[in-house]
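> Below are the sequence and a predicted model for it; my questions follow.
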Amino acid sequence: MVKVLGFTVDDQTRCKHYHSDIDVIAIKFYCCNTYYPCYKCHEEAADHPIKVWPPQKFGEKAILCGVCKTEHSIAAYKDMTSCANCGAKYNDRCSLHHHLYFAAT
C-alpha cells in the first residue's frame, strides 16, 4: 500500500486543504519521492522546499488515485479527467496548480 503523508482527512487522500468529493489524488513529489495530497500539505509537513518534476520524467508514476490506489504517470494524468482504472472523477481545477508540481513543457 502506498503511504500518503500530510494532513489527510480520509482514506481517499482528501486533505484539510482540499476535500471535495473530487479531490481524490495524491502527488509524489520529485524532491522527496513521497506522496502528499497537495502542495500545502508538503509545505507544512516536509523539511525542504518543493522541486517540480522535469518534463523528461513525466513518464514516471507519480499520481495516486485515492479511490482505487492506482498509480498513474504524470503524462497520463495531465490528459485525464477521471481515473483510467476506476473512473473516479478528478478535480479539473487541480490543473491551476500544475506549475507547482510539474515543469512547463
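Looks like it came in fine.
> Pick out the residue closest to the middle of this protein.
Nearest residue to the geometric centre of the chain (C-alpha atoms, centre = their mean): residue 27, 2.3 Å.
> May I have the beta-bridge partners of it?
residue 36, residue 63 (DSSP bridges).
> Now do it against residue 42, distance only.
Plainly put, residue 27 is 8 Å away from residue 42 if you go by C-beta to C-beta, to the nearest Å. No exception for glycine: its C-beta is placed from N, CA and C like everyone else's.
> And for residue 12?
As defined by C-beta to C-beta, residue 12 lies at a distance of 18 Å from residue 42.
> before we move on, what about residue 51?
Shown here: residue 51 relative to residue 42, a distance of 10 Å by C-beta to C-beta.
> Give me the common contacts of these two.
Here residue 51 and residue 42 share the contacting residues residue 29, scored by C-beta atoms under 8 Å, 6 or more residues apart in numbering.
> Comparing those two, which shows the higher neighbour count?
Taking other C-beta atoms under 10 Å, residue 51 and residue 42 do not tie; residue 42 has more neighbours (23 against 12).
> pLDDT wise, what is that one at?
In this prediction, residue 42 carries a pLDDT score of 97.
> So it: helix, strand or coil?
Classification of residue 42 using DSSP: H, G, I helix; E, B strand; the rest coil returns helix.
> any chance you could map the helices in this structure?
With DSSP state H as the criterion, the chain has helices at 39-45, 74-78, 98-101.
> Correct me if wrong: residue 74 contacts residue 56.
No. Under the criterion of C-beta atoms under 8 Å, residue 74 makes no contact with residue 56, lying 10.8 Å away.
> Give me the more crowded residue out of the two.
The neighbour count for residue 74 versus residue 56, taken as other C-beta under 10 Å, is higher for residue 74 (21 against 9).
> what's residue 66 in contact with, if anything?
For residue 66, the contacting residues are 4, 11, 12, 13, 14, 24, 25, 26, 37, 88, taking C-beta under 8 Å, 6+ apart as the criterion.
> Roughly how far does it sit from residue 48?
The value you get for residue 66 to residue 48, if C-beta to C-beta is used, is 24 Å.
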